[in-house]
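Model the structure of this input:
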Amino acid sequence: MSKSKSLLIAGIMTGMLLAVFLWNQKHSEPEHTEIIQEQPLRFGVFRGDAGALAWVAQDQGYFVKHQVSVDFQSYTTGKRTLSDVQTGQLDLATSSEFVFVNQTLTPTDLQIVGNIATFRTHNLIVRNDRNIQQPSDLKGKKIGLIKGTGGEFGLNRFLIRNGLSGNDLDLIDLPASQLEHKLETGEMDAVMTWQPVGYQILQKMGDQVSVMKGTNEQEFYFVLVARQDWIVKHVEELHRVLYALNDAENFIRLHPDEFRKILARQFELTDDYITDLSGRSQYTLDMPQALILAMEDEAQWLMESNPDAGMVLPNYLKMISLDAMQQVKPEAITLIR
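Numbering: from 1, shown residues only. I've put the predicted structure just below:
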């Protein structure tokens, strides 16, 4: 081999090693050696698999690893978590993007800082003694749901696909704690649920109920939300939370069996249920363009449903804070800006 060719190969190898080094420098986690907060970060997390990244981060000690003190608070609905963020009882919260849309059609300083899951886990559970075999049988039936949540939107889309509307049904707004009870006592003919609530109802009521086919086709996102003023004042804490959630995503990918055990332990789920979830849920820290499209579609429906409310379609790009994601996982941002 000629000397010039050897020098060329050596130069190429050196360049490749330098590129790898620079990439690692850019993408490697910073070493967090001390807690910088005076007060713990109050983090409201949905008690269910949609919040899996947060639950895994807590279970595996990733918040401790990144030296961020977290007051981890469990919630049954995203509607409650966002309400508590707005009133200052929480600093950071998880919620479906639909709940975020519903609460931001009027002026607000809420901002999305990341997405932690994509899922299709809503189901319409019907009592088998009410002769509901097909969508048209729902006409005039009492349907329990939580209005202002993704369940209401998902049900609406199911009805439209089947030539129906909400006016054909008797829709009853219920608190989450009453869905199972009202269905069990027969006060409701069906209830629109999400997981793991739907799973718990099916386990308890057995052959008294069944899932109406086609009601879980609507895809939703699970976002992290905070107030804009809090984000500005707590940049480093937010970065550390996202680093912990990114660690959780990597854990789920590398240790799927251990992840299943965590879900089973936290939420008392069976292996069959978790297997079913794997085809309908994705747990990743990202900021996809599809999120914007989904929110615009949902906002349009809400405005059409409330024509007298004087609501205006927001610019959702302005309601997303990208700084933390740019720092922690820039390659997962696919928004068109």
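
Which strand or helix spans V126?
strand 123-127 (DSSP states H and E).

Packing partners of that strand?
Contacts defined by 3 or more Cβ pairs under 8 Å, 6 or more residues apart in numbering; DSSP states H and E place strand 123-127 against strand 190-193, helix 197-205, strand 209-211. Heads up, the C-betas are built off the backbone N, CA and C, glycines and all.

And the longest one, what's buried?
Translated: helix 197-205. Neighbour-count burial for helix 197-205 flags V197, G198, Y199, Q200, I201, L202, M205 (criterion: 16 or more other Cβ atoms under 10 Å).

Any chance of the backbone angles for the closest residue to the first one other than its chain neighbours?
Sequence neighbours aside, L179 is the residue nearest to V197 in space, at 6.5 Å (criterion: Cβ to Cβ, 6 or more residues apart in numbering). Here the main-chain torsion angles of L179 (degrees, to the nearest 10) amount to phi -60, psi -50.

Any figure for the gap between L179 and P30?
Computed as Cβ to Cβ, to the nearest Å, the L179 to P30 distance reads 44 Å.

ditto for I143
Counting by Cβ to Cβ - I143 and P30 are separated by 50 Å.

With Q178 instead?
Q178 is 46 Å from P30, where distance means Cβ to Cβ.

How about G148?
In terms of Cβ to Cβ, G148 sits 39 Å off from P30.

can you give me the helices for the stretch 151-300 of the chain?
Assigned by DSSP state H, counting those that start in this stretch, the stretch 151-300 of the chain shows helices spanning 179-185, 197-205, 228-233, 235-254, 256-267, 271-278, 289-305.

most tightly surrounded among those helices?
Among those, judged by mean count of other Cβ atoms under 10 Å, the one packed with the most neighbours on average is helix 235-254 (a mean of 21).

Measure how it sits relative to helix 256-267, angle-wise.
Between the axes of helix 235-254 and helix 256-267, defined by axes from the mean of the first three to the mean of the last three Cα atoms, to 10 degrees, the angle is 120 degrees.

how much space between S165 and K139?
10 Å.

now I336
Per Cβ to Cβ, I336 is found 41 Å from K139.

Neighbour count: these two, which is higher?
Between I336 and K139, counted using other Cβ atoms under 10 Å, the more crowded position is K139 (12 against 6).

the strands in the protein, which residues?
41-46, 70-75, 92-96, 110-119, 123-127, 142-145, 170-173, 190-193, 209-211, 220-227, 281-282 (DSSP state E).

quick one: the first one to chain centroid distance?
Averaging C-alpha positions (Cα atoms, centre = their mean, to the nearest Å) puts strand 41-46 13 Å from its chain's average.

what pLDDT, on average, does that strand get?
Mean pLDDT, computed over strand 41-46, is 96.

contacts for it?
Around strand 41-46, the neighbours that count as contacts under Cβ atoms under 8 Å, 6 or more residues apart in numbering are 51, 54-55, 68-78, 80-81, 84-85, 89-95, 222, 234, 237, 241.

cool, and the second one?
For strand 70-75, the surrounding residues in contact (Cβ under 8 Å, 6+ apart) are 40-47, 54, 58, 63, 81, 90, 93-94, 241.

one more time with 7 Å
With Cβ atoms under 7 Å, 6 or more residues apart in numbering as the test, strand 70-75 has contacts from P40, L41, R42, F43, G44, V45, F46, R47, Q58, F63, T81, L90.
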